[in-house]
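Chemist: predicted model follows, preceded by the sequence.
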Amino acid sequence: MEKTAQTLNTAADSPARARRILITGSADGLGLLAARALIQAGHRVTLHARNAQRAEDALRGAPGAEGVLIADLARLEEVKSMAEEANRRGRFDAVIHNAAVYSAPGAEILTVNVLSPYILTCLIQRPPRLVYISSSSHLHGRPDLQRLRRGQVSYADSKFYILLLSKAVARRW
């Protein structure tokens, strides 16, 4: 996580300026670790959790966080509401798309791991930096449109699709 904090303070940036950063899936795991490191580095971090209880846990786990957005990323209406609330809070300097599910039905894996980051990217005020968390699991993903249409997406498939999404956004922007 130290590398993430350093990456957001490159020579082109003013090191004295705290960046506003949104991290999805920051109630525990990698997202919480990133939040702590970025807060410690002096950034203003907004957390994300899927429900009120996890939001409380996230705020306890990352003292100094600017706030928390609540949305179950498996529910696209909640993703849209989260984007609206994020926009009301003002533009972020970076969004880290970290939230993911591993062991769930394929349709839920697709929605949480791929569709929700896509929808958030489309609906939030465009930040200068977007980070999509993937893993080497993408090497085992099988891009198959028929399986995708049927909602038969594995975790590895979702990591392959999020990699494609990040490349498409980078190319477009």
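Modeler: Received it, and whenever you're ready, just let me know what you need.

Chemist: right, and the helix or strand after the worst-scoring helix or strand of the chain on mean pLDDT?
Modeler: Ranked by mean pLDDT, DSSP states H and E, the weakest helix or strand in the chain is helix 2-7, scoring a mean of 46. Downstream of helix 2-7, the first helix or strand assigned by DSSP states H and E is strand 20-23.

Chemist: ok, then the element right after that next one?
Modeler: Assigned by DSSP H and E, the successor of strand 20-23 is helix 29-40.

Chemist: what about dumping the CA coordinates of the next helix or strand after that following helix to PDB?
Modeler: Sequence-wise, the next helix or strand downstream of helix 29-40 (DSSP H and E) is strand 44-49. The C-alpha coordinates for strand 44-49 follow below in PDB (Å, rounded to 0.1, in the frame of the first residue of the first chain):
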ATOM      1  CA  ARG A  44      -8.600  12.600   2.000                       C
ATOM      2  CA  VAL A  45     -10.100   9.200   1.600                       C
ATOM      3  CA  THR A  46     -13.800   8.300   1.100                       C
ATOM      4  CA  LEU A  47     -14.500   4.700   1.900                       C
ATOM      5  CA  HIS A  48     -17.200   2.400   0.500                       C
ATOM      6  CA  ALA A  49     -19.200  -0.400   2.200                       C
END
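
Chemist: switch to numbering from 681
Modeler: Shifting the count to begin at 681 puts that one at strand 724-729.

Chemist: what's in contact with the helix or strand where Leu800 lies?
Modeler: Leu800 belongs to helix 796-803 when assigned by DSSP H and E. By C-beta atoms under 8 Å, 6 or more residues apart in numbering, the surrounding residues in contact with helix 796-803 are 704, 753-754, 756, 759-760, 762-764, 766-767, 775, 777, 779, 810, 812, 842, 845, 849. C-beta: built from backbone N, CA, C; applies to glycine.

Chemist: mind checking the longest helix of the chain?
Modeler: helix 835-852 (DSSP state H).

Chemist: tell me the spacing between the most centrally placed residue in the chain and Ile789.
Modeler: With distances taken as C-alpha atoms, centre = their mean, the residue of the chain nearest its centroid is His777 (1.6 Å). Applying C-beta to C-beta, to the nearest Å, the value for His777 to Ile789 is 15 Å.
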